[in-house]
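sequence plus the predicted model coming up.
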Amino acid sequence: MKPLLIAGNWKSNKGIAEAKEWVRQFNAKCQMLNAKWDHITVVLCVPFTLVYPLKREISQLRLPVQLGAQDVSPFGEGAYTGEVSATQIKELADWVIIGHSERRKYFGETDEVLMQKVAQAKAAGLKIIFCVPDDKTPIPADVDVAAYEPVWAIGTGYADTPENAATVIATLKQKFSIRQVLYGGSVTAENVVSFVAQPAIDGVLPGGASLDAAKFFDLLTAAQSIP
Ligand code: PEP
């Protein structure tokens, strides 16, 4: 079976009670259907405020879910008010998303700042999911996983075609010598198979479809079905 990475991105959604309820519902589904994601690494990238409460819930229930942050400071620890450093994240989570198009667009993050973030994350031992909107945007050398996310497909309900996503991803792999590349942009339980069935695509990064525990569970179940 092809190993897959499926990383949900909650963006700036949910408070602690809602996050706990998500885990309760997700766990109930897993128990009821005796679910095991043998070849799928499942990651949830959540707001900083939720990382600690979710870590506790997930470890108590022994859920096969790893945690990630959605951003990281370009600096180390120190006088950088409002920032969360890579070493602080690493105490609680294993993954971090860097370069999401919403950070590029709303927070003006440049390739230079993103390189600094990658360097900090790498030095702290975080695994990096680096997002790019096309096959022209550079992917730094230290990145573990990239995600091709066309801006027009994010949160719109209009996903790229699996064929085009696979072509862009194959180009990214060749150009930047990166082994694992995900597709993101309106991925759902209904269309996930069409993406992960493409040999070049190593997983998906769903935003909206990760907010609902049952929908996310269904998406994982569908992805699990590919040979
Ligand atoms: C995302 O959060 O990166 C994303 C692709 O969102 P959505 O799945 O809602 O389009």
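Great, that's in hand.

list the contacts of the residue of the chain found nearest the ligand.
Closest contact between the chain and the ligand, by C-beta to the nearest ligand atom, is at Gly207 (2.3 Å). Where you see a C-beta, it was placed from the backbone N, CA and C, and this is true even at glycine. With contacts defined as C-beta atoms under 8 Å, 6 or more residues apart in numbering, Gly207 is in contact with 8-11, 154-155, 184.

how near is it to Val113?
As for Gly207, its distance to Val113 is 22 Å (criterion: C-beta to C-beta, to the nearest Å).

could you do Ala79 as well?
18 Å.

between those two, which has more neighbouring residues?
For the pair Ala79 and Val113, the greater number of neighbours falls to Val113 (16 against 6), based on other C-beta atoms under 10 Å.

between the contacts of Gly207, which is closest to Phe217?
Nearest to Phe217 out of the contacts of Gly207 is Gly8 (C-beta to C-beta; 10.8 Å).

the closest residue in space to Leu44 that isn't next to it in sequence in helix, strand or coil?
Closest residue in space to Leu44, ignoring its immediate chain neighbours: Gly8 at 4.9 Å, by C-beta to C-beta, 6 or more residues apart in numbering. Here Gly8 is recorded as strand under DSSP: H, G, I helix; E, B strand; the rest coil.

Gly8: neighbour count?
A count of nearby residues for Gly8, using other C-beta under 10 Å, gives 25.

tell me the contacts of it?
Contacts of Gly8 (C-beta under 8 Å, 6+ apart): 42-45, 205-207, 209-211, 216.

so which of those are in strands?
42-45 (DSSP state E).

closest to Leu54 among the residues you listed?
When these are compared against Leu54 (criterion: C-beta to C-beta), the nearest one is Leu44, at 6.9 Å.

now do the longest helix belonging to the chain: which elements does it pack against?
Determined from DSSP state H, the single longest helix within the chain is helix 16-32. With contacts defined as 3 or more C-beta pairs under 8 Å, 6 or more residues apart in numbering; DSSP states H and E, helix 16-32 has these neighbours: helix 48-61, helix 213-224.

any buried residues in it, and which?
Within helix 16-32, the residues that count as buried by 16 or more other C-beta atoms under 10 Å are 19-20, 22-23, 26-27, 29-30.

could you do stretch 182-190 as well?
182-189.

now render these as TSV, adding secondary structure.
As requested, those are arranged in TSV below (three-state DSSP):
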residue	secondary structure
Leu182	strand
Tyr183	strand
Gly184	coil
Gly185	coil
Ser186	coil
Val187	coil
Thr188	coil
Ala189	coil
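
intersect those with the contacts of the ligand.
Subset of those in contact with the ligand: 184-187, counting by C-beta under 6 Å from any ligand atom.

so which strand or helix has Ala147?
strand 145-148 (DSSP states H and E).

report all helices and strands that whichever helix or strand comes after that strand contacts.
Next helix or strand after strand 145-148 toward the C-terminus (DSSP H and E): helix 162-176. In this structure, helix 162-176 packs against strand 145-148, strand 180-183, helix 192-196, with contacts taken as 3+ C-beta pairs under 8 Å, 6+ apart.

could you redo the last one with a cut-off of 10 Å?
Secondary-structure packing of helix 162-176 (3 or more C-beta pairs under 10 Å, 6 or more residues apart in numbering; DSSP states H and E): strand 127-132, strand 145-148, strand 180-183, helix 192-196.
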